[in-house]
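[1] no sequence for this one, just the structure:
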């Protein structure tokens, strides 16, 4: 066993396999040889599986699940373990180009040389992106993994405990003689309800193509035979003797077992009825998806700038349905002289902007102070004028009071009236003063 793993390690080193650009060359990791838990082994035995029987995996992004299926003694596969994906990056939809941070979708193949027991992400295996389909469609990228450490920039990342078990499933199957195992990566479980939810998505035609492979497995419970022609996947098709599948050329005339064809047609009829019902039903809103190669190129450019150490938003930009971009305001780290220069320029710009804001604020404050002083002076002037008018009125009232008193005093009985007249005069003066002060804010 150790000798076989050592040979695998040499192959890994030769082709530069690494978990999400992992270039670790650590000593052999004991955790790569951990046995599966007794509980899982007992479940496998109960289902008619052996520890070294063939294996395959299915991934569902939206549900966040990675499933392990193993072959039973009758050749059909059954689910043996399911894991919550710790983290995957990007959105629903395929990977288009290097740096778009998309986790791949499609049908991939893992061979022993793709297993990495010395990954700096605990353990890892390369899923085989780009495959024949990806290359035929000009899609690029490298080092796309299933690995541990719960950290992803285009990979499917698990916890360390999870990857130890997932890695062990593949390791044991290779030990049993399986030369490669299939990974099926989907945006979601391809049910009628989910397909109806995403029927208007720009990736829908791609997903319809993947669904044919999904359906073939659902019907047969055997990993489908996968080929590519006319730049598209074809499943469980047999080419005539002497003919092959050309990924970019025309598909050959193919045949398929009648039993499979009949089962598929029956399955499809049931699906179409369910799909029609799902279109009319109330369903959860679709999750964000990548808007094709245009958004992939925008994110890829962001990744290049980030790799150069330039200051970029901490999260990649997102292309909206109306063609506009959404980017977070928070900026990422600075990792290079160019990035530090950009940061210095941004800081200088921010300082100038702050100084200008302070200057304008000072001008506004001075204007406000001047207006307040002017208003105060006007108020004091008006108060003085009102006081002067009041004093004049009081003087006139005082000058008229003796005449009234003398006239009234000649009649002894009129004394109370004189007092009332004097009080009335004072009352009028007071009221006039209050009225004037009220008119001018006094």
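    Yes, it's here. None of these values were measured; they are calculated from a predicted model. Numbers count the residues shown, from 1 in each chain.
[2] and residue 32, how close does it get to residue 296?
    34 Å (Cβ to Cβ, to the nearest Å). The way it works is simple: take the backbone N, C-alpha and C, and place the C-beta from them, glycine included.
[3] so if I had to pick from those two, which one is more boxed in?
    Using other Cβ atoms under 10 Å, the more surrounded residue of residue 32 and residue 296 is residue 296, with 26 against 21.
[4] confidence score at the more buried one?
    We have a pLDDT of 95 for residue 296.
[5] surely it is in a helix?
    Yes: assignment of residue 296 by DSSP: H, G, I helix; E, B strand; the rest coil places it within a helix.
[6] residue numbering should commence at 146 henceforth.
    All right, first residue 146 from here; so that's residue 441.
[7] so who does it touch?
    Residue 441 makes contact with 240, 241, 242, 245, 247, 435 under the criterion Cβ atoms under 8 Å, 6 or more residues apart in numbering.
[8] on the three-state scheme, the first one is what?
    If I follow you right, that is residue 240. Following three-state DSSP, residue 240 is assigned to coil.
[9] confidence score at the closest residue to residue 433 other than its chain neighbours?
    Of all residues not flanking residue 433 in the chain, residue 236 sits nearest, at 4.8 Å (Cβ to Cβ, 6 or more residues apart in numbering). pLDDT for residue 236: 96.
[10] again, but for residue 350
    97.
[11] so it is in which element?
    helix 349-365 (DSSP states H and E).
[12] helix/strand/coil for residue 373?
    Under three-state DSSP, residue 373 falls in the strand class.
[13] who's in contact with it?
    By Cβ under 8 Å, 6+ apart, the contact set of residue 373 is 277, 278, 281, 379, 390, 392.
[14] can you list the buried residues in the helix holding residue 350?
    351, 352, 355, 356, 357, 358, 359, 360, 361, 362, 364, 365 (16 or more other Cβ atoms under 10 Å).
[15] mind listing the residues bridging to the nearest residue to residue 210 once chain neighbours are set aside?
    Closest residue to residue 210 apart from its sequence neighbours, by Cβ to Cβ, 6+ apart: residue 227 at 5.8 Å. Legend: beta-bridge partners of residue 227 under DSSP bridges are residue 212.
[16] run a quick neighbour tally on residue 227.
    With other Cβ under 10 Å as criterion, residue 227 counts 13.
[17] do you know how far it is from residue 540?
    Distance, residue 227 to residue 540, using Cβ to Cβ: 104 Å.
[18] ok, now residue 361?
    Remark: distance between residue 361 and residue 540 (Cβ to Cβ) = 114 Å.
[19] could you pull out the strands in the protein for me?
    Taking DSSP state E, the strands of the chain run over residues 200-205, 210-216, 222-229, 232-233, 251-255, 260-261, 269-271, 290-292, 301-302, 326-331, 371-374, 377-380, 463-464, 470-471.
[20] which ones are touching the nearest residue to residue 285 once chain neighbours are set aside?
    Computed as Cβ to Cβ, 6+ apart, the closest residue to residue 285 that is not its neighbour in sequence is residue 243, at 4.6 Å. By Cβ under 8 Å, 6+ apart, the residues touching residue 243 are 285, 286, 287, 445.
[21] try residue 408
    Residues near residue 408 by Cβ under 8 Å, 6+ apart: 364, 365.
[22] count the residues that sit near the nearest residue to residue 365 once chain neighbours are set aside.
    Excluding its sequence neighbours, the residue lying closest to residue 365 (Cβ to Cβ, 6+ apart) is residue 405, at 6.9 Å. Counted with other Cβ under 10 Å, the neighbours of residue 405 add up to 15.
[23] quick check, nearest of the contacts of residue 441 to residue 322?
    residue 240 (31.3 Å; Cβ to Cβ).
[24] rewinding a little: now the contacts of residue 243 as a markdown table including neighbour count, distance to residue 461 and pLDDT?
    Formatted as a markdown table, the contacts of residue 243 follow (neighbours: other Cβ atoms under 10 Å; distance: Cβ to Cβ, whole Å; pLDDT from 0 to 100):
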| residue | neighbour count | distance to residue 461 | pLDDT |
| --- | --- | --- | --- |
| 285 | 16 | 17 | 96 |
| 286 | 20 | 15 | 95 |
| 287 | 14 | 18 | 93 |
| 445 | 21 | 9 | 94 |
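[25] report the two of those residues separated the most.
    Largest separation among the contacts of residue 243 by Cβ to Cβ: 287 and 445, giving 13.1 Å.
[26] pLDDT value on the closest residue to residue 286 other than its chain neighbours, please?
    Once flanking residues are discounted, residue 286 sits nearest to residue 243: 4.8 Å by Cβ to Cβ, 6+ apart. For residue 243, the model assigns a pLDDT of 95.
[27] for residue 243, grab phi and psi.
    phi -50, psi 130 (degrees, to the nearest 10).
[28] what's near enough to touch the residue lying closest to residue 460 once chain neighbours are set aside?
    Nearest residue to residue 460, sequence neighbours excluded (Cβ to Cβ, 6+ apart): residue 473, at 4.8 Å. By Cβ under 8 Å, 6+ apart, the contact set of residue 473 is 458, 459, 460.
[29] so what's residue 445 up against?
    Going by Cβ under 8 Å, 6+ apart, residue 445 touches 242, 243, 244, 245.
[30] actually residue 189, not the one I wrote
    Contacts of residue 189 (Cβ under 8 Å, 6+ apart): 195, 196, 198, 215, 225.
[31] could you redo the last one with a cut-off of 6 Å?
    Counting by Cβ atoms under 6 Å, 6 or more residues apart in numbering, residue 189 touches residue 225.
[32] for residue 208, same thing?
    Taking Cβ under 6 Å, 6+ apart, one finds nothing in contact with residue 208.
[33] what backbone torsions are found at it?
    Dihedral angles (degrees, to the nearest 10) for residue 208: phi -80, psi -10.
[34] got any ranges where the stretch 146-295 of the chain has weak pLDDT?
    Residues of the stretch 146-295 of the chain meeting the criterion pLDDT under 70: 146-173.
[35] can you do 90?
    For the stretch 146-295 of the chain, applying pLDDT under 90 flags the ranges 146-176, 234, 265, 295.
[36] where's the longest helix seen in the chain relative to the chain centroid, distance-wise?
    In the chain, assigned by DSSP state H, the helix with the most residues is helix 482-554. The offset between the C-alpha centroid of helix 482-554 and the centroid of the whole chain comes to 54 Å, using Cα atoms, centre = their mean, to the nearest Å.
[37] could you list every residue that touches residue 323?
    By Cβ under 6 Å, 6+ apart, the residues touching residue 323 are residue 199.
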